[in-house]
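S.K.: Show me the folded form of this:
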Amino acid sequence: MSRSTPLSRRLGAVEQKRDGRRLMHPHRLTDGRTVRLSTLDILSALQDGLALHGQHVTEPPSDVVRTLAILDPDDDKSMMGRTTRAVAIEWCAAYDEGRPVALYDEGDE
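M.R.: Model prediction:
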């Protein structure tokens, strides 16, 4: 006779399976909260942000971009983590200040 698993364990397994399909991973924010973000959403935001260099941002950044801008720098110190955070921060700052996105100095080209 097998015992059934508690409902919470079953729900946790379903959520973990769903998150695995969406490539969801936990990320810590600067205020200590933890959020789950899709890797595909992060890569899409990074790609969109990189394409904005030199342009005036007319639409507000998405919630994903705003969240990426407040990721804890100590949570992911990799090159991709630093790049993603920097692009999101610049995108949000450029929109908030009404100026073009400046991802690099034109003299660096």
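
S.K.: What's the local residue count around residue 49?
M.R.: 25 (other C-beta atoms under 10 Å). The way it works is simple: take the backbone N, C-alpha and C, and place the C-beta from them, glycine included.

S.K.: pLDDT wise, what is it at?
M.R.: The score at residue 49 is 96. That number is its pLDDT.

S.K.: That one contacts residue 62, correct?
M.R.: No. Under the criterion of C-beta atoms under 8 Å, residue 49 makes no contact with residue 62, lying 10.2 Å away.

S.K.: what about the lengthiest helix in the chain, distance to the chain center?
M.R.: Counting by DSSP state H, the longest helix found in the chain is helix 79-97. Here helix 79-97 shows a centroid-to-chain-centroid distance of 10 Å under the convention C-alpha atoms, centre = their mean, to the nearest Å.

S.K.: which other helices and strands contact that helix?
M.R.: Contacts defined by 3 or more C-beta pairs under 8 Å, 6 or more residues apart in numbering; DSSP states H and E place helix 79-97 against helix 39-50, helix 63-69.

S.K.: Can you give me the buried ones in that helix?
M.R.: Buried residues in helix 79-97, counting neighbours by 16 or more other C-beta atoms under 10 Å, are found at 81, 84, 85, 86, 87, 88, 89, 90, 91, 92, 94, 95.

S.K.: go on, stretch 28-37?
M.R.: residue 37.

S.K.: list the contacts for the residue most central in space within the chain?
M.R.: Closest residue to the average C-alpha location of the chain: residue 68 at 3.7 Å, with C-alpha atoms, centre = their mean. Listed by C-beta atoms under 8 Å, 6 or more residues apart in numbering, the contact partners of residue 68 are 37, 42, 45, 84, 85, 87, 88.
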